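Asker: With the sequence up front, the predicted model follows.
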Amino acid sequence: MRAKLTFACGVYDRTLPLLTGEVRVADVDLTYVPIDDPRQIFDRLAGGDEFDLAEMSLSEYICRYTAGECPFVALPVFPSRVFRHSMIAVNRRTVTAPNDLAGKRIGVPLYTMTAAVYMRGLLEHDYGVDLSGVRWTQGSINHATSHGNPAAMPLLRPADITQNRSGKSLSDLFDAGELDAVMGTDMPDAMRTNPDLVRLFPDFRTVEQDYYQRTHIFPIMHTVVVRRSVYESDPSLGVRLYAAFDAAKARAWERIRRVGTLAYMLPWMIDDVDEIDRVFGGDPWPYGVEPNRPTLDALMTYLVEQGLIAHPVPVDEIFAPV
């Protein structure tokens, strides 16, 4: 009997074939629910049984897993990953180098979000920045609201975090000089009009390539989770889902490499593809645990150091066998 499953996810090139039906999951009728706001997916996923599987914040999943409060099983499928050096904005009047961030006022959508965990980790490990005295302001970057409605796990070590209830966005506070920096998943709108607001790493492409070649870390933001009750009713589902996600990603790469006509509005995509081959030596977006071990191990280390989890767990343990 074919299972009928709902899958909530953004529309990515590597998952699009599952939405169009070009790739199918063996013995599954998959209803793909496209939602381009990840926070909305996470909040709805945590709020009930609306979806059978979905993309989920990797740090949130690990925190729930290690606390024994996780009704999901993760697959080593990673629909979202982003280098984050480019997403640290600073006021150049108060911050001119990474170490200047020590003791400053920094805005962040969510202290516990995966992007922020990786950013703090790279600043501390790669640049020796002491973030222990930072005063964090938490809220949406470009709207005068909170960043979603997360059911976040409590911190195991206190941090100086204030929820932004000013009636202004973090961008507005940044523009007014009330924040020295903003880091997260978007750039502050105020950077378009205030020349003092700049990227900490203006040549971020070069910096991120060097970072990857030294560390083999390509930050993973999201994994794919299956509701535990669904998975346990048929553990073979994990293998079949993984195969379909992998096939969908392969189709996406085939489309990118057809450079006779460009599939995406990227004028220099031919050069980008050549550069990807040089830097990554093949697939820049691998699934599975082993090719992602440096990235996963780094995240586990950062989660412990930053007081989000009590102790590390082997990364092989947190994913279903595929």
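Answerer: Nice, thanks for sending it over.

Asker: Would you map the helices across the stretch 201-322 of the chain?
Answerer: Remark: helices assigned in the stretch 201-322 of the chain by DSSP state H, counting those that start in this stretch are 204-215, 228-233, 236-256, 269-280, 293-305.

Asker: how far does the second one sit from the chain's center?
Answerer: This points to helix 228-233. 25 Å (C-alpha atoms, centre = their mean, to the nearest Å).

Asker: Give me the contacts around that helix.
Answerer: Outside helix 228-233, the residues that touch it by C-beta atoms under 8 Å, 6 or more residues apart in numbering are 3, 5, 52-53, 70-73, 237-238, 320. C-beta here means a position set from N, CA and C on the backbone, and glycine is covered the same way.

Asker: Any chance of JSON lines for these, columns neighbour count, secondary structure and pLDDT?
Answerer: Shown next, in JSON lines, are the contacts of helix 228-233 (neighbours: other C-beta atoms under 10 Å; DSSP: H, G, I helix; E, B strand; the rest coil; pLDDT from 0 to 100):
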{"residue": "A3", "neighbour count": "15", "secondary structure": "strand", "pLDDT": "91"}
{"residue": "L5", "neighbour count": "19", "secondary structure": "strand", "pLDDT": "97"}
{"residue": "D52", "neighbour count": "21", "secondary structure": "coil", "pLDDT": "96"}
{"residue": "L53", "neighbour count": "26", "secondary structure": "strand", "pLDDT": "97"}
{"residue": "C70", "neighbour count": "18", "secondary structure": "coil", "pLDDT": "90"}
{"residue": "P71", "neighbour count": "12", "secondary structure": "coil", "pLDDT": "93"}
{"residue": "F72", "neighbour count": "22", "secondary structure": "strand", "pLDDT": "95"}
{"residue": "V73", "neighbour count": "23", "secondary structure": "strand", "pLDDT": "97"}
{"residue": "L237", "neighbour count": "24", "secondary structure": "helix", "pLDDT": "96"}
{"residue": "G238", "neighbour count": "20", "secondary structure": "helix", "pLDDT": "96"}
{"residue": "A320", "neighbour count": "17", "secondary structure": "coil", "pLDDT": "97"}
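
Asker: so can I have JSON lines of those showing distance to R135?
Answerer: JSON lines is the format used below for the contacts of helix 228-233 (distance: C-beta to C-beta, whole Å):
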{"residue": "A3", "distance to R135": "49"}
{"residue": "L5", "distance to R135": "44"}
{"residue": "D52", "distance to R135": "41"}
{"residue": "L53", "distance to R135": "38"}
{"residue": "C70", "distance to R135": "31"}
{"residue": "P71", "distance to R135": "35"}
{"residue": "F72", "distance to R135": "34"}
{"residue": "V73", "distance to R135": "38"}
{"residue": "L237", "distance to R135": "46"}
{"residue": "G238", "distance to R135": "43"}
{"residue": "A320", "distance to R135": "40"}
